[in-house]
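[1] what follows is a predicted protein model with its sequence.
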Amino acid sequence: MKKILFVCVENAGRSQMAEAFFRKYVSKGFEAISAGTKPSAQVNPIVLQAMKEIGIDIENQTPKNISQQIIDESEQAINMGCIDNESCPALFMKDVLDWQIPDPKGKSIEEVRKIRDQIEIKVMNLINSFEENI
């Protein structure tokens, strides 16, 4: 099972959406994980709402702390973007893809929908690239 790791600082929005989309669309043989360097206590409620609107329920997801073990076990790591340079996951990970997606924290539902849709497209492209290499 190849693990794909989606990371951001709080693991409360972007990386949670990416993990959910990856799980929805990927074929067998892959597992999605998301984590953060400074995880929040809960997933962003606006993110929950935006995902629920398209039939994906991530209400039971909990932000997780990234560990060296998670990094080591991952086939590919994707950094969603950084909100602060000190705790940016890309600083201590090698071979990481950086999608530079805006943080949904504090944004309106309309803005979060745009971020959600951007993440869905990126995840679909990532999955297509894996399937082309099989």
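    Cool, got the structure.

[2] which residues are contacting the strand or helix carrying residue 77?
    Using DSSP states H and E, residue 77 sits in strand 74-79. Contacts to strand 74-79, defined as Cβ atoms under 8 Å, 6 or more residues apart in numbering, come from residues 2-8, 18, 33, 71, 88-90, 93, 95-99, 126. No exception for glycine: its C-beta is placed from N, CA and C like everyone else's.

[3] how does it look with 7 Å?
    2-7, 18, 71, 89-90, 93, 96-99 (Cβ atoms under 7 Å, 6 or more residues apart in numbering).

[4] do you have the helices of this protein handy? List them.
    For the chain, applying DSSP state H gives helices covering 14-25, 45-52, 68-73, 109-132.

[5] pull out the buried positions in the strand holding residue 77.
    Residues of strand 74-79 classed as buried: 74, 76-79 (neighbour count, 16 or more other Cβ atoms under 10 Å).

[6] residues near residue 45, how many?
    10 (other Cβ atoms under 10 Å).

[7] and it, how far is that from residue 98?
    In this view, residue 45 and residue 98 are 26 Å apart by Cβ to Cβ, to the nearest Å.

[8] return the residues in contact with residue 20.
    Here residue 20 is in contact with 51, 56, 58 (Cβ under 7 Å, 6+ apart).

[9] residue 72 versus that one, what's the distance?
    The separation that residue 20 has from residue 72, given Cβ to Cβ, amounts to 24 Å.

[10] any low-confidence regions in this structure?
    Counting by pLDDT under 70, the chain has low-confidence residues at 83-94, 133-134.

[11] 80 instead, please
    27, 82-96, 131-134 (pLDDT under 80).

[12] which residue is nearest the middle of it?
    residue 15 (1.9 Å; Cα atoms, centre = their mean).

[13] wait, that one sits on residue 6?
    Yes - in this structure, residue 15 is within contact of residue 6 by Cβ atoms under 7 Å, at 4.1 Å.

[14] what is in contact with these two at once?
    With Cβ under 7 Å, 6+ apart as the test, residue 15 and residue 6 both reach 34, 80.

[15] before we move on, back to that, ok, so of the contacts of strand 74-79, who is nearest residue 38?
    For the contacts of strand 74-79, the closest approach to residue 38 (Cβ to Cβ) belongs to residue 89, at 10.0 Å.
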